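Participant: Give me the fold of what follows.
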Amino acid sequence: MNNFQLKTPVVFIIFNRPDTTYKVFEVIRKVKPPKLFVIADGPRVDRSGEAEKCAAARAIIDHVDWDCEVLKNFSDLNMGCKGRVSSGLDWVFNRIEEAIILEDDCLPHPTFFRFCEELLEKYRDDERVMTITGTNLLGEWKSNLQSYHFSYYFNCWGWATWKRVWKCYDVDMKLWSEPEAQKRVGDVIADKKQFLNRKRLLDAAYFGNNNSWAYQFFFMCLLYSGMSITPSKNLISNLGFTEEGTNTKLAKDKRANMPLHSMTFPLKAPVGIAVDREHDYRRYKKVWEKSLSKQIFRQTKGLFISSK
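Facilitator: Residues are numbered from 1 along each chain as shown. The predicted structure is shown next:
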């Protein structure tokens with residue numbers, strides 16, 4: 001990494017957490033991107049002290065002290081996660097062809113940037129590949145054989161993509177209403193339990209029952225059989241599992257504060273370009289199946305208590 005000079009623009013999405021914003025910014029500062037796009041949501045009017053927190057997070061960007069073009073897209077009003085991230089990335093990809101994207105609670109290992117940059121170049125024109133993520137929720141996977149593998153499961157905790165992919169994104173997820181589209185997604189996942197588990201959240205995103213932008217992107221990837229590159233070692237630690245988190249609130253969640261690993265270069269590609277189904281199944285078992293079981297238990301417990 002000593003001779004590595006990052007050329008790819010970095011997108012930094014911030015809100016109301018100056019503490020984690022500072023930690024992530026300091027890693028960005030180490031790799032000195034030539035362009036830094038900053039997307040910031042505005043404070044909620046009913047949250048006391050949030051305006052000050054948003055201002056403190058934005059002030060951190062003023063500490064850029066390397067040769068860098070800083071472009072800011074700051075909202076005065078609160079747009080919510082769904083509206084702010086989707087509109088912000090529209091703004092970014094109307095200006096550039098590819099980018100590395102980090103949110104304010106996603107702490108990267110410094111090698112994450114080189115990992116993304118090399119693979120952005122390698123798969124730039126391969127329409128089978130839609131994203132590169134830095135998160136490996138299993139911690140490690142076949143790291144003795146390869147530097148990365150292909151997955152059908154997208155993760156937005158530190159990722160990279162191209163304009164060619166983002167132009168297919170639909171924040172309203174209109175095609176989900178088509179039975180053929182849902183069948184297509186089921187065929188791609190190729191496992192009924194996994195499909196029904198994910199359908200629950202895709203339904204919620206379509207009907208506006210959550211404030212996520214990422215499930216819409218996940219749907220798009222599945223609809224087009226788009227693969228996500230996942231590192232053999234985890235390169236991102238999510239610091240946002242706190243009560244202040246928008247979608248991540250349980251500090252005891254196994255995905256919280258995962259250990260960071262260093263990626264070794266030169267990268268070693270997997271044999272062939274195909275989804276690692278065993279990885280996707282193990283990820284489902286570790287993260288999604290258990291989280292769904294816990295949610296059902298909490299809901300059942302709540303119904304039992306309320307009936308007493």
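Participant: Please count neighbours and contacts with C-alpha atoms only from this point.
Facilitator: Will do.
Participant: which regions of the stretch 1-150 of the chain lie under the pLDDT threshold?
Facilitator: 1-2 (pLDDT under 70).
Participant: Tell me how many other residues crowd the closest residue to Glu103 other than its chain neighbours.
Facilitator: In this structure, Glu103 finds its nearest non-sequential neighbour in Ile13, 4.6 Å apart by Cα to Cα, 6 or more residues apart in numbering. The number of residues packed near Ile13 is 23, by other Cα atoms under 10 Å.
Participant: Can you name the residues that contact Ile13?
Facilitator: Contact analysis of Ile13 by Cα atoms under 8 Å, 6 or more residues apart in numbering lists Val38, Ile39, Ala40, Val85, Ile101, Leu102, Glu103, Asp104.
Participant: In stretch 175-194, which residues are buried?
Facilitator: Trp176, Ala181, Gln182, Arg184, Val185, Gly186, Val188, Ile189, Gln194 (16 or more other Cα atoms under 10 Å).
Participant: pLDDT value on the last one, please?
Facilitator: The predicted local confidence for Gln194 comes out at a pLDDT of 96.
Participant: Please state the offset of the host helix or strand of it from the chain centre?
Facilitator: Under the criterion of DSSP states H and E, Gln194 resides in helix 192-206. Offset of helix 192-206 from its chain centre (Cα atoms, centre = their mean, to the nearest Å): 18 Å.
Participant: Put together CSV for the contacts of Ile13, with secondary structure, neighbour count and distance to Ala274 on each row.
Facilitator: Below are the contacts of Ile13 laid out as CSV (DSSP: H, G, I helix; E, B strand; the rest coil; neighbours: other Cα atoms under 10 Å; distance: Cα to Cα, whole Å):
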residue, secondary structure, neighbour count, distance to Ala274
Val38, strand, 22, 34
Ile39, strand, 24, 34
Ala40, strand, 25, 36
Val85, helix, 22, 30
Ile101, strand, 23, 24
Leu102, strand, 25, 26
Glu103, strand, 23, 29
Asp104, coil, 26, 32
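Participant: Just flag the most distant two among the residues you listed.
Facilitator: Using Cα to Cα, the contacts of Ile13 span at most 13.3 Å, a distance reached by Ala40 and Ile101.
Participant: Tell me where the stretch 1-150 of the chain has strands.
Facilitator: 10-14, 35-40, 69-74, 98-103, 106-108, 129-133, 148-151 (DSSP state E, counting those that start in this stretch).
Participant: Partner strands of the fourth one and their direction?
Facilitator: Each strand pairing with strand 98-103, determined using DSSP bridges, is listed with its direction: strand 10-14 (parallel), strand 159-162 (antiparallel).
Participant: Is it possible to get TSV of those that adds distance to Tyr224?
Facilitator: Shown next, in TSV, are those (distance: least, Cα to Cα, whole Å):
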stretch	distance to Tyr224
strand 10-14	25
strand 159-162	15
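Participant: Ser228 in helix, strand or coil?
Facilitator: Look at Ser228: counting by DSSP: H, G, I helix; E, B strand; the rest coil, its state is strand.
Participant: Which among the strands of the stretch 1-150 of the chain is found nearest to Trp157?
Facilitator: Going through those one by one, with Cα to Cα as the measure, strand 106-108 comes closest at 5.8 Å.
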